[in-house]
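Student: Pasting the sequence and the predicted coordinates here, then a few questions.
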Amino acid sequence: MRLPRQVRMVEVGARDGLQNEPLAVATSDKIAFIDRLSRTGLPVVEVTSFVSPRAVPQMQDAAEVMAGITRRPQVAYPVLVPNRRGFEAALSAGAAEIALFTAASETFAQRNTNCSIAGSLERCAEIAALARARGVRIRGYISCVAGCPYEGAVDVGTVARVAARLTEFGCYEISLGDTIGVATPGQVQGLLSVVAEKVPIPRLAVHFHDTYGQALANILAALEEGIAVVDSSVAGLGGCPFAPGASGNVASEDVLYMLNGLGIDTGVDLDLLVEAGGFICERIKRETGSKVARARAARCG
Ligand code: HMG
Ligand code: MG
């Protein structure tokens, strides 16, 4: 197996992890959670989304969260932005990096962003132009790369074309989202080989939800293809409000345990990561979705 020596872990727990929580999470708890994540050695901690509070009520305190966190110079703090209004709010809140998001499925694009894929790419182009002019870094997300909750199978050619467009807009990296967690390792490798014809592997990241329990296997398959950026959510929190039935993201603790076992450097401290997961689970009264955290709590590892 040829694997990368280093992997950059992108922590999405405070955004993807919390956006779907049915009960309000206190702003102070979000801030304390993000500050804990910042101390683990994670290089990227996604903070929040500047989206419609009607669409995603849990993210309505985006500006307060941004104002409250302690930013460390070695950590990037991207925020999701769906339109010009969100971009301006993110900028006012001091965001130095944004994440644009679109989809490879028309129906999901409609449900998630109330427009077609083409329409969402137009919005992305507009925001990206503004961001480039302000020197704001831009990451891109594509949802439903391996299947759509409404349409089923998704065309890999569409994923590749959308990835190419986001790259043209100036995204330094495109995160391929298996929003509903249906992918299997062979499918992931096939997808990556098609997308890599348009966007080189070093500019791709993977973002797996663990609905079907395939996420770690999929990450390993992606690493074998040279992927070196992996999104995950501490305690396996999360899910998209517009992907019914989909479970949380792959747990960051479990990803890190696997990467440590493979001798791949991340710079992230597992003890501190488990603590951050324990903190947020206690605050939102949830069991952790991380097997590593559970095993450690039971003192069997
Ligand atoms: P729209 O309805 O077409 O837009 O929504 P609109 O301009 O007509 O505005 C509708 C309402 O939202 C208005 O308020 C606006 O003022 C307000 P109302 O008059 O109804 O009270 N509004 C805003 N408020 C605050 N900030 C804004 C903003 N924009 C409009 N920026 C829109 C279009 C995209 C805005 C909306 O559908 C939306 O915000 N969607 C958010 C979707 C979302 O956050 N999804 C989850 C994140 S994506 C994800 O989880 C997938 C990912 O993890 C990868 C993967 O796993 O696949 C990234
Ligand atoms: Mg997601």
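Tutor: Received, thanks. What you see is a predicted model, and the numbers here were worked out from it, not measured in a lab. Numbers count the residues shown, from 1 in each chain. Ligands and ions are numbered 1, 2, ... in the order given.
Student: Which of the helices or strands spans the residue of the stretch 151-300 of the chain found nearest ligand 1?
Tutor: Residue of the stretch 151-300 of the chain nearest ligand 1, by CB to the nearest ligand atom: Gly177 (2.7 Å). For glycine as for every other residue, the C-beta is placed from the backbone atoms N, C-alpha and C. Assigning secondary structure by DSSP states H and E places Gly177 in strand 173-178.
Student: Could you tell me how far the next helix or strand after that strand lies from the centre of the chain?
Tutor: Using DSSP H and E, the helix or strand that follows strand 173-178 in sequence is helix 185-195. Relative to its parent chain, helix 185-195 has a centroid offset of 19 Å by CA atoms, centre = their mean, to the nearest Å.
Student: cool, stretch 91-104 as well?
Tutor: Mean-position distance between stretch 91-104 and its chain equals 12 Å (CA atoms, centre = their mean).
Student: cool, and stretch 202-220?
Tutor: So, by CA atoms, centre = their mean, the centroid of stretch 202-220 is 11 Å from its chain's centroid.
Student: for Asn249, phi and psi?
Tutor: In terms of degrees, to the nearest 10, the main-chain angles of Asn249 are phi -70, psi 160.
Student: and the strand holding Gly177, which strands flank it?
Tutor: Using DSSP bridges, the strands paired with strand 173-178 are strand 137-143 (parallel), strand 204-208 (parallel).
Student: Ligand 1 contacts on the chain?
Tutor: 16, 19, 49-56, 80, 82-83, 85-86, 101, 112-114, 141, 143, 177, 179, 207, 209, 240, 242 (CB under 6 Å from any ligand atom).
Student: Name only those of the residues you listed that count as buried.
Tutor: 16, 19, 49-52, 55-56, 80, 82-83, 86, 101, 112-113, 141, 143, 177, 179, 207, 209, 240, 242 (16 or more other CB atoms under 10 Å).
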